[in-house]
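1. Structure, please.
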Amino acid sequence: MPKHAVKRTRTSDNVDGDAWQCLVQQYPQIAEAISGSVERLLSCTCLDERTTQLVYIAVQTAVCYPLAVKYHVPLALQAGATKDEIVGAAAIAAAAAGPKGFVVCFPSILSETGKKNS
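-> Model (predicted):
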């Protein structure tokens, strides 16, 4: 794992609403294989953690996956991204893939960036 990487731990209180947690509980070998391949791919990039998280947010916004956006926003903030940068990454997704993902994911962005200010 790159030195700059933030430890990723997926958690959820709502197993029914979190497909990843359900996969971890019911098929841990598959979840471990997926996690391992993601970590290997991330180790090949020269992007810093802040940029990596902003890219994750943009891509997950483009594919309308608010649960993943909600997961990556705190990691982006922890890595030094600002609220404006996070919203900007999501806006790029809207420009590239259409506004649906932005509209679906924007509440998660607001919710997670608001927690930092509390």
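
2. going forward, measure contacts between C-alpha atoms and count neighbours the same way
-> Fine.

3. Tell me the confidence at the closest residue to residue 83 other than its chain neighbours?
-> Distances taken as C-alpha to C-alpha, 6 or more residues apart in numbering put residue 113 closest to residue 83, at 6.2 Å, once the chain neighbours are dropped. pLDDT for residue 113: 94.

4. List the buried residues of the helix or strand that residue 114 is a member of.
-> Secondary structure assignment for residue 114, by DSSP states H and E: helix 100-117. Taking 16 or more other C-alpha atoms under 10 Å as the neighbour-count basis, helix 100-117 is seen to contain the buried residues 101-106, 108-109, 112-113.

5. now the angle from the host helix or strand of residue 60 to helix 100-117?
-> Assigned by DSSP H and E, residue 60 belongs to helix 49-62. Relative orientation of helix 49-62 versus helix 100-117 (axes from the mean of the first three to the mean of the last three C-alpha atoms, to 10 degrees): 140 degrees.

6. counting contacts, what elements does helix 49-62 pack onto?
-> helix 66-78, helix 83-97, helix 100-117 (3 or more C-alpha pairs under 8 Å, 6 or more residues apart in numbering; DSSP states H and E).

7. Tell me how far it lies from the chain's centre.
-> Per C-alpha atoms, centre = their mean, to the nearest Å, the displacement of helix 49-62 from the mean C-alpha position of its chain is 6 Å.

8. Where does pLDDT dip in this protein?
-> Scanning the chain for pLDDT under 70 picks out the ranges 1-17, 116-118.

9. so which of the helices and strands packed on helix 49-62 comes closest to residue 22?
-> helix 66-78 (13.5 Å; C-alpha to C-alpha).

10. if I pick the most centrally placed residue in the chain, what's in contact with it?
-> With distances taken as C-alpha atoms, centre = their mean, the residue of the chain nearest its centroid is residue 72 (2.8 Å). When contacts are counted by C-alpha atoms under 8 Å, 6 or more residues apart in numbering, residue 72 touches 53, 56-57.
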